[in-house]
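Chemist: Predicted model, plus sequence, below.
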Amino acid sequence: MTVSSPQGRTEPSGTTENAVRVLVVDDEDPLAELLSMALRYEGWEVRSAGDVAGAVRAARDFRPDALVLDVTPRGADGPEGTGRAEGTGRPEGTGRADGVSALGRLRRELPDVPVLFLTARDAAADRIAGLTAGGDDHLTKPFGLEEVVARLRGLIRRSGAAAPERAASLLVVGDLVLDEDSHEVSRAGRAVHLTATEFELLRFLMRNPRRVLSKAQILDRVWSYDFGGRANVVELYISYLRKKIDAGHPPMIHTRRGAGYLIKPAG
């Protein structure tokens with residue numbers, strides 16, 4: 001993770017100039033970094049900011065295609081009566097005001113950019129405040145990272161914010177083709193039928209061809225960010241994919257012992 005100036009933290013992504021650009025505004029560093037990592041592995045360019053002023057500066061410089069904004073009141077997820085968000089040590093009482101203020105100011109800078117805002121569990125007041133201030137969609141915590149990506153894709157597609165090159169739905173690695181819109185997969189021209197989780201795992205691998213992805217990275221991206229299960233679920237689903245993708249063909253899915261998994265063209 002590369003930390004830049006106070007204008008925001010920019011993560012190296014190896015993306016092209018046509019990559020979708022997403023600005024993440026959240027003053028919780030662990031969550032901001034986790035969201036940024038998940039979006040970066042979609043091939044998107046990501047910048048994050050921790051306060052209103054930094055978000056406005058980043059918006060002017062970065063010109064994002066979409067925003068992810070946390071409007072959760074500080075202390076909302078902490079123990080009752082503590083006045084602080086659990087594990088953060090942050091004072092209560094400024095989160096919703098800061099989040100809504102940021103949304104209002106960002107809307108003036110970027111009136112047509114779609115905004116996905118995040119709220120505390122069952123916080124109806126946050127949802128109303130976010131929608132009133134100009135938010136387009138919301139997610140309540142806890143949420144899965146794949147749902148964040150799916151919601152953002154829908155918002156970007158509906159807004160027409162992304163150039164046609166960015167919105168291309170086909171992922172191709174060798175003779176393996178995955179259509180992100182229709183959820184159709186084929187290898188060497190023959191259809192491959194996958195479950196929803198198998199599809200998400202394959203999509204993550206295909207968005208990062210020849211890159212070794214660790215079990216932790218796969219769990220963070222394919223399963224919920226607060227997934228409490230064991231890492232052997234990754235091994236299990238990799239074996240499912242191999243039976244469907246590699247059966248009868250030269251293998252494309254490979255294991256790097258002690259490091260993780262990767263996909264690359266056969267041969």
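Modeler: Looks like it arrived, so ask away. Numbers count the residues shown, from 1 in each chain.
Chemist: Correct me if wrong: Ile245 contacts His254.
Modeler: No: judged on C-beta atoms under 8 Å, Ile245 makes no contact with His254 at a distance of 11.6 Å. To be clear about C-beta, it is placed using only N, CA and C from the backbone, and glycine gets the same treatment.
Chemist: Settle it for me: which of those two has more neighbours?
Modeler: Ile245 (21 against 15; other C-beta atoms under 10 Å).
Chemist: How about the contacts made by the more buried one?
Modeler: 176, 187, 192, 202, 252-253 (C-beta atoms under 8 Å, 6 or more residues apart in numbering).
Chemist: do that again at 10 Å, thanks
Modeler: Ile245 makes contact with 176, 185, 187, 192, 194, 198, 202, 205, 251-253, 263, according to C-beta atoms under 10 Å, 6 or more residues apart in numbering.
Chemist: So which of these sit within strands?
Modeler: Per DSSP state E, strands hold the following members of the contacts of Ile245: 176, 185, 187, 192, 253, 263.
Chemist: from these, which single one is nearest Gly154?
Modeler: Val185 (20.5 Å; C-beta to C-beta).
Chemist: Produce a PyMOL select command limited to the buried residues of the contacts of Ile245.
Modeler: Buried residues within the contacts of Ile245, by 16 or more other C-beta atoms under 10 Å, are selected in PyMOL with:
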select buried, resi 176+185+187+192+194+198+202+205+252+253+263
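Chemist: can you list the contacts of Ile245 in TSV and add pLDDT?
Modeler: Formatted as TSV, the contacts of Ile245 follow (pLDDT from 0 to 100):
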residue	pLDDT
Leu176	95
Val185	94
Arg187	94
Val192	94
Leu194	93
Glu198	92
Leu202	94
Leu205	93
Pro251	95
Met252	96
Ile253	96
Ile263	95
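Chemist: what ranges do the helices span in this protein?
Modeler: Using DSSP state H, the helices found in the chain span residues 29-40, 52-62, 95-109, 124-132, 145-159, 196-206, 215-222, 232-245.
Chemist: ok, back up a step: residues in contact with both of Ile245 and His254, list them for me.
Modeler: Common neighbours of Ile245 and His254 (C-beta under 10 Å, 6+ apart) are Ile263.
Chemist: what number of residues lie near the residue nearest to Val56 when sequence neighbours are not counted?
Modeler: Excluding its sequence neighbours, the residue lying closest to Val56 (C-beta to C-beta, 6 or more residues apart in numbering) is Arg105, at 5.4 Å. Applying other C-beta under 10 Å, we find 16 other residues in the vicinity of Arg105.
Chemist: Is Arg105 in contact with Ala55, as I believe?
Modeler: Yes: when contacts are counted by C-beta atoms under 10 Å, Arg105 is listed as touching Ala55 (7.6 Å).
Chemist: so which of the ones in strands among the contacts of Ile245 comes closest to Ser239?
Modeler: Ile253 (9.5 Å).
Chemist: what is the closest one paired to in the beta sheet?
Modeler: Beta bridges link Ile253 to Ile263, judged by DSSP bridges.
Chemist: so it makes contact with Tyr261?
Modeler: Yes: counting by C-beta under 10 Å, Ile253 touches Tyr261, with 6.6 Å between them.
Chemist: Touching both of the two, which residues are there?
Modeler: With C-beta under 10 Å, 6+ apart as the test, Ile253 and Tyr261 both reach 201, 205, 238, 241-242.
Chemist: Show me where the stretch 101-250 of the chain dips below the pLDDT cut-off.
Modeler: In the predicted model of the stretch 101-250 of the chain, residues 101-102, 121-134, 159-168, 224-231 satisfy pLDDT under 70.
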